[in-house]
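Trainee: quick check, what structure comes out for this input:
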Amino acid sequence: MYIRKTKKTYKNKTYYNYALVESVNTPKGPRQRTICSLGSLEPRSREEWIKLAHKIENALSGQQDLFNTEDKEVSGILEKINSRRQNDKKADDLVAVHTDRVTVEESREAGPVHVGMQFWKRLDMDRVLKEAKLGEKARLLTCLMSMNRLISPCSEWAMPDWFRRTALADIVSEDIENPDAQDLYRNLDRLHSKREEIESQLFQRASDLFDLDSTVYLYDLTSTYFEGQCLLNEKAMRGYSRDKRPDCKQVVVGLVLNRDGFPIAHEVFNGNERDHNTVGTMLDILKRRGFLKTGGLIVVDRGMAFSENLEEICSRGLDYIVACRQSERNHHLNEFEEEEGFTEVIRQLSPTNEYQKKSRVYIRRKQGDKESYVLCLSDGRREKDRAIRETHEKKMLSDVKRLQHCVQTGSLKDEAKINQKIGRLLERYSRVARYYKLNFENGIVLCERQEEKRKLAENLDGSYLMKTSLKDVSEEEIWKTYMLLTRVENAFRSIKSPLAERPIYHQRTDRVETHIFLCVLAYHLLAAIEHTLRSKGIHESWGTVREKLRTHQICTVVLPTDKGETLKIRRDTKPEKEHLVLYQALDINPRIIEPRKTWVKNIREI
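Mentor: Below is the predicted model of the structure:
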């Protein structure tokens, strides 16, 4: 960069002008380009001109003169240069376009991916994976697979096509067209041994980020079924199916959440594992990860309300709240029938809930020797219990009538087969079969209703019983804490539906466990997103948010110019009003990518 002096004579008078010039390389060789005109400078020596040029060059490159705090002359020249550059930039944006040939191409869904990636960064998940000693490619593949679970779950064979249909390549600025199904399967194998370490670090990160409470542990189980025989999976067995698929093999998944709904730990059990046999294992997992604190509170459902489970919880220095089993509830029938002593509580599901009457509950505490009981009467649950019982009862009586008809017409004569069918009816309708006496006598199928037992069931509709080892806590607080267990049910519902955990098509044990782990990994993101929205007063599910954001896309605008060249601009579409509301609540910049301009020559018209 140097200063060039020019001379011009006008009406017998000579004028001098000075210009700042720099050398640039062009296809035709080095050329000089005028940066800006400096006007008529005071006469000075050549050395002073060179010194001034160096000052300007240093200032433009961001360097400062150590001994010169401020130079007004240099500042003025810099203002001229910046003004000219701004004008040149505006001029570069002005092009003449053939409007009838303007097109838009390569549109990609971007909104949900943008939110997912922002929360991936917010939870610092890449660092967590790096500390688990996963390489760069493994971290990228894990990120992509988690995004797929969160946004549009599909098989490993279909994932590469889904990657190309979204704006992931634009957002992560990586070449993600190369991964194939085998790369994804191998990544499942890499993740398998890292699951516990990654899950522990993620909950710790979420705790620091959202200031979470880690003294309440909400524990529940669900089952998830398979397609196929699963001959290579020793955990795949038939058992009690919560998915209503007793014909399929399954595994049981245990999940522990904190009171805010964030996952602390999960474990995959055999498909025929009984609920109460899993409590000790899950407590060991929490202890090994350092999350089990003395004085903590375990909240579990009635399937784990066995004395040995409660004793083990207490032996570890923990308290518990548990729903009592139905047989234990029957012993408190007289207390339920008393009208006095109950306190009314309204459970408000959300600030906009219009059905508060259905969440109205009456609670009462009864102190025992070692533990106390909380009796609960729910108006909404009474209607639900009655409807369920009547539906099951109607179906059972219909099947009994069909069996009686088969016996009477002689189409079924074998006594052993008749008794076998009676046994299956009792098993299928176990909820209401205890109110009836079914047997086969003298060639007739007899069905006699037990009025006393049925009356007892009617009186107990809408009632349930809890017991706890807590002493200095009110019955209302005990009830509210137990109701947090519904968050585990919501978590299972989210993992199974929007995150599509089921059905499982993997056959190997390790890949089944890693598949479930990826669903839990995606649920970490889902929980963080929904928690952030709730903190801003928005009680929409991730599924609703995801659908709203699908219309925010990234596309390429193709602009054919009058100079025979085509300008392609890759950019995101303008966010709509509902997009902006969600982005603002999530504290996310609505601008997904900076526009990228590309000039293309000699584009053949189509």
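Trainee: quick one, domains of this structure?
Mentor: Using automatic domain parsing, the domain ranges for the chain come out as 2-92, 99-105+552-601, 332-466.
Trainee: which one of the ones you listed lies closest to A132?
Mentor: Taking CB to CB, domain 99-105+552-601 is the member of the domains of the chain nearest to A132, at 26.5 Å. Every C-beta, even on glycine, is put in place using the N, C-alpha and C of the backbone.
Trainee: what is the end-to-end distance of that closest one?
Mentor: 18 Å (CA to CA, to the nearest Å).
Trainee: which residue ranges of the stretch 101-250 of the chain form helices?
Mentor: Secondary structure of the stretch 101-250 of the chain (DSSP state H, counting those that start in this stretch): helices at 111-122, 125-131, 136-151, 159-165, 168-172, 181-192, 195-210.
Trainee: got JSON lines for those helices, with distance to G76 too?
Mentor: Converted to JSON lines, the helices of the stretch 101-250 of the chain look like this (distance: least, CB to CB, whole Å):
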{"stretch": "helix 111-122", "distance to G76": "43"}
{"stretch": "helix 125-131", "distance to G76": "47"}
{"stretch": "helix 136-151", "distance to G76": "49"}
{"stretch": "helix 159-165", "distance to G76": "53"}
{"stretch": "helix 168-172", "distance to G76": "42"}
{"stretch": "helix 181-192", "distance to G76": "59"}
{"stretch": "helix 195-210", "distance to G76": "48"}
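Trainee: can those helices go into TSV with extra columns for mean neighbour count and mean pLDDT?
Mentor: Shown next, in TSV, are the helices of the stretch 101-250 of the chain (neighbours: other CB atoms under 10 Å; pLDDT from 0 to 100):
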stretch	mean neighbour count	mean pLDDT
helix 111-122	22	96
helix 125-131	18	95
helix 136-151	22	93
helix 159-165	16	90
helix 168-172	20	89
helix 181-192	17	94
helix 195-210	18	94
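Trainee: of these, which approaches I554 most closely?
Mentor: helix 168-172 (5.2 Å).
Trainee: that closest one packs against which elements?
Mentor: Other helices and strands packing on helix 168-172, by 3 or more CB pairs under 8 Å, 6 or more residues apart in numbering; DSSP states H and E, are helix 111-122, helix 136-151.
Trainee: before we move on, the earlier item: in a markdown table: the domains of the chain, plus mean neighbour count.
Mentor: A markdown table is the format used below for the domains of the chain (neighbours: other CB atoms under 10 Å):
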| stretch | mean neighbour count |
| --- | --- |
| domain 2-92 | 12 |
| domain 99-105+552-601 | 15 |
| domain 332-466 | 14 |
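Trainee: of all these, which lies closest to C143?
Mentor: The closest of the domains of the chain to C143 is domain 99-105+552-601. By CB to CB, the value is 16.5 Å.
Trainee: who does the residue nearest to V95 when sequence neighbours are not counted bridge with?
Mentor: Leaving aside its sequence neighbours, V95 sits nearest to T561 (CB to CB, 6 or more residues apart in numbering; 5.0 Å). Beta bridges link T561 to V97 when assigned by DSSP bridges.
Trainee: tell me the spacing between T561 and V445.
Mentor: 87 Å (CB to CB, to the nearest Å).
Trainee: cool, L375 as well?
Mentor: 40 Å.
Trainee: where's E489, which helix or strand?
Mentor: In this assignment (DSSP states H and E), E489 forms part of helix 486-496.
Trainee: and the helices and strands packed on helix 168-172 as CSV, adding distance to E197?
Mentor: CSV is the format used below for the helices and strands packed on helix 168-172 (distance: least, CB to CB, whole Å):
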stretch, distance to E197
helix 111-122, 18
helix 136-151, 13
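Trainee: out of those, which comes closest to H579?
Mentor: helix 111-122 (6.4 Å).
Trainee: just how off-centre is the longest helix along the chain within its chain?
Mentor: Longest helix in the chain by number of residues (criterion: DSSP state H): helix 379-409. The chain centroid and the centroid of helix 379-409 are separated by 40 Å, computed with CA atoms, centre = their mean, to the nearest Å.
Trainee: start the count at 9 instead of 1 going forward.
Mentor: In the new numbering, first residue 9, that becomes helix 387-417.
Trainee: what's it packed up against?
Mentor: Using 3+ CB pairs under 8 Å, 6+ apart, helix 387-417 sits against strand 368-375, helix 423-436, helix 438-441, strand 444-449, strand 452-457, strand 471-476.
Trainee: coming back round to it: for the helices and strands packed on helix 176-180, which one sits closest to G247?
Mentor: Once these are compared by CB to CB, helix 144-159 is nearest, at 25.2 Å.
Trainee: got the angle for the closest one vs helix 189-200?
Mentor: 100 degrees (axes from the mean of the first three to the mean of the last three CA atoms, to 10 degrees).
Trainee: give me the residues contacting helix 144-159.
Mentor: Here helix 144-159 makes contact (CB atoms under 8 Å, 6 or more residues apart in numbering) with 120-121, 124-125, 128, 133-134, 137-138, 142, 162, 167, 170-171, 174, 176, 180, 182, 184, 187, 191-192, 195, 198-199, 507-508, 526-527, 529-530, 533-534, 550, 554.
Trainee: ok, stretch 294-311 next?
Mentor: Here stretch 294-311 has contacts from 204, 208, 211, 222-229, 264, 272-273, 282-284, 287, 291, 317, 321, 324-334, 478, 489-490, 492-493, using CB under 8 Å, 6+ apart.
Trainee: contacts only, for E139.
Mentor: Contacts of E139 (CB under 8 Å, 6+ apart): 205, 209.
Trainee: for stretch 306-322, buried residues please.
Mentor: 306-314, 317-318, 320-321 (16 or more other CB atoms under 10 Å).
Trainee: what's the answer for stretch 249-262, then?
Mentor: 249-250, 253, 256-262.
Trainee: which among the residues you listed gets closest to R116?
Mentor: For those, the closest approach to R116 (CB to CB) belongs to V261, at 33.5 Å.
Trainee: the closest one looks like it's in a helix, true?
Mentor: No - going by DSSP: H, G, I helix; E, B strand; the rest coil, the assignment for V261 is strand, not a helix.
Trainee: measure it to E521 for me?
Mentor: Counting by CB to CB - V261 and E521 are separated by 10 Å.
Trainee: so where's the stretch 359-508 of the chain uncertain?
Mentor: Along the stretch 359-508 of the chain, segments meeting pLDDT under 70 span 359-367.
Trainee: just give me the longest strand of this protein.
Mentor: In the chain, with assignment by DSSP state E, the single longest strand is strand 21-34.
Trainee: which residues sit against the very next helix or strand once past it?
Mentor: Using DSSP H and E, the next helix or strand after strand 21-34 towards the C-terminus is strand 37-47. Strand 37-47 is contacted by residues 9, 11-12, 25-33, 85, 88-89, 92 when judged by CB under 8 Å, 6+ apart.
Trainee: strand 37-47 vs strand 21-34, what angle?
Mentor: Angle, strand 37-47 to strand 21-34, by the same axes, to 10 degrees: 140 degrees.
Trainee: direction included, what does strand 37-47 pair against?
Mentor: Per DSSP bridges, strand 37-47 is paired in its sheet with strand 21-34 (antiparallel).
Trainee: roughly how far out does the partner strand sit from the chain middle?
Mentor: Worked out by CA atoms, centre = their mean, strand 21-34 lies 61 Å from the chain centre.
Trainee: what's the helix or strand containing S335 packed up against?
Mentor: S335 is part of helix 334-337 when elements are defined by DSSP H and E. Applying 3+ CB pairs under 8 Å, 6+ apart, one finds that helix 334-337 makes contact with strand 471-476.
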